[in-house]
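*Asks:* Take a look and give me a structure for this.
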Amino acid sequence: MILYNVTVAIDVKVEEEWKTWMKDIHIPEVMETGKFVDHKFYRVMNNQEEESASYSIQYFAESMKELQLYLAIDAPELQQKTLEAFPNKFAAFRTVLQSVE
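*Replies:* Next up is the predicted model:
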């Protein structure tokens, strides 16, 4: 199992709007690509910044090939939509992890 983790620091002024957008629009669009089998959405609790809140969105893929297809085909457009919806209101970084059996 491959975990594609996106950690986002979002401006607290748009945090509630962003959470709704993520749950109602963005995450469903990512899942509709068919490249992931599950997802989780968490708030990072040890964030000490007053101007931003941090979240972790985790997407689970069956294989690295599925993730690579997502990154090549789907991610650019979906990331652009996020940039347009919340310009200059967030910073994101992405990590890829592999399950250790």
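
*Asks:* Could you pull out the strands in this protein for me?
*Replies:* Taking DSSP state E as the test, the strands found in the chain are 2-11, 38-43, 52-61, 90-98.

*Asks:* what bridges to Asp38?
*Replies:* Note on Asp38: beta-bridge partners by DSSP bridges are Phe60.

*Asks:* my guess is it meets Ile57, correct?
*Replies:* No - taking contacts as CB atoms under 8 Å, Asp38 lies outside contact range of Ile57: 11.8 Å. All C-beta atoms are positioned from the backbone trio N, CA, C, and that covers glycine.

*Asks:* ok, the two, which is more surrounded?
*Replies:* Higher neighbour count among Asp38 and Ile57: Ile57, with 19 against 11, using other CB atoms under 10 Å.

*Asks:* so what's that one closest to, chain neighbours aside?
*Replies:* Spatial nearest neighbour of Ile57, chain neighbours left out: Val6 (4.7 Å); criterion: CB to CB, 6 or more residues apart in numbering.

*Asks:* That neighbour: neighbour count?
*Replies:* Using other CB under 10 Å, the number of residues around Val6 comes to 18.

*Asks:* check contacts around it.
*Replies:* For Val6, the contacting residues are Ser56, Ile57, Gln58, Tyr59, Ala92, Phe93, Arg94, by CB atoms under 8 Å, 6 or more residues apart in numbering.

*Asks:* In CSV: the residues you listed, plus distance to Glu16.
*Replies:* Converted to CSV, the contacts of Val6 look like this (distance: CB to CB, whole Å):
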residue, distance to Glu16
Ser56, 18
Ile57, 16
Gln58, 21
Tyr59, 23
Ala92, 18
Phe93, 22
Arg94, 24
